[in-house]
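In: Everything below, folded, please.
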Amino acid sequence: MNMFYIISYDIPDDKHRQKIAKILLDFGNRVQYSVFETILTIELLEKMIARLKKVVCDEEDSIRIYRLCAECKKEIAVLGLGKVSEDKDVYIL
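Out: You can find the predicted model right below:
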């Protein structure tokens, strides 16, 4: 079952930040500079977290992962540019 996640980060080191962003781009869409939306199965979420743990600096970095239920996702309001990420019926790998 796919779930909708919002991931935000605060990474002071440029190299860590670039590595984190690259990993997150493999799993979702950047909606703001340090905010991503993803639609993941639990298995993909675990893979993403495992990859993030390999590069995160526990003493300096902050990554937050928020799971949103289907009802909560319906209530997301976007002002200005952009739209909420949608689950695709077909994935091309």
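In: hey, where'd the helices end up in this structure?
Out: With DSSP state H as the criterion, the chain has helices at 14-25, 42-55, 70-74.
In: for the shortest one, what is the average pLDDT?
Out: Taken as a whole, helix 70-74 carries a mean pLDDT of 75.
In: same question, the longest one
Out: What helix 42-55 shows for mean pLDDT is 96.
In: Send me it as PDB with only the CA atoms.
Out: Backbone C-alpha positions of helix 42-55 (Å, rounded to 0.1, in the frame of the first residue of the first chain) are rendered in PDB as follows:
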ATOM      1  CA  ILE A  42       6.800   0.600   3.400                       C
ATOM      2  CA  GLU A  43       9.600  -1.200   1.600                       C
ATOM      3  CA  LEU A  44      10.600   1.800  -0.300                       C
ATOM      4  CA  LEU A  45      10.400   4.000   2.800                       C
ATOM      5  CA  GLU A  46      12.700   1.600   4.600                       C
ATOM      6  CA  LYS A  47      15.200   1.700   1.600                       C
ATOM      7  CA  MET A  48      15.100   5.500   1.600                       C
ATOM      8  CA  ILE A  49      15.700   5.700   5.300                       C
ATOM      9  CA  ALA A  50      18.600   3.200   5.100                       C
ATOM     10  CA  ARG A  51      20.200   5.300   2.400                       C
ATOM     11  CA  LEU A  52      19.700   8.500   4.300                       C
ATOM     12  CA  LYS A  53      21.200   7.000   7.500                       C
ATOM     13  CA  LYS A  54      24.400   6.300   5.500                       C
ATOM     14  CA  VAL A  55      25.100  10.000   4.900                       C
END
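In: who does it touch, helix- and strand-wise?
Out: Counting contacts by 3 or more CB pairs under 8 Å, 6 or more residues apart in numbering; DSSP states H and E, helix 42-55 is packed against strand 3-10, helix 14-25, strand 62-68. In this view, the C-beta of every residue, glycine as well, is placed from N, C-alpha and C.
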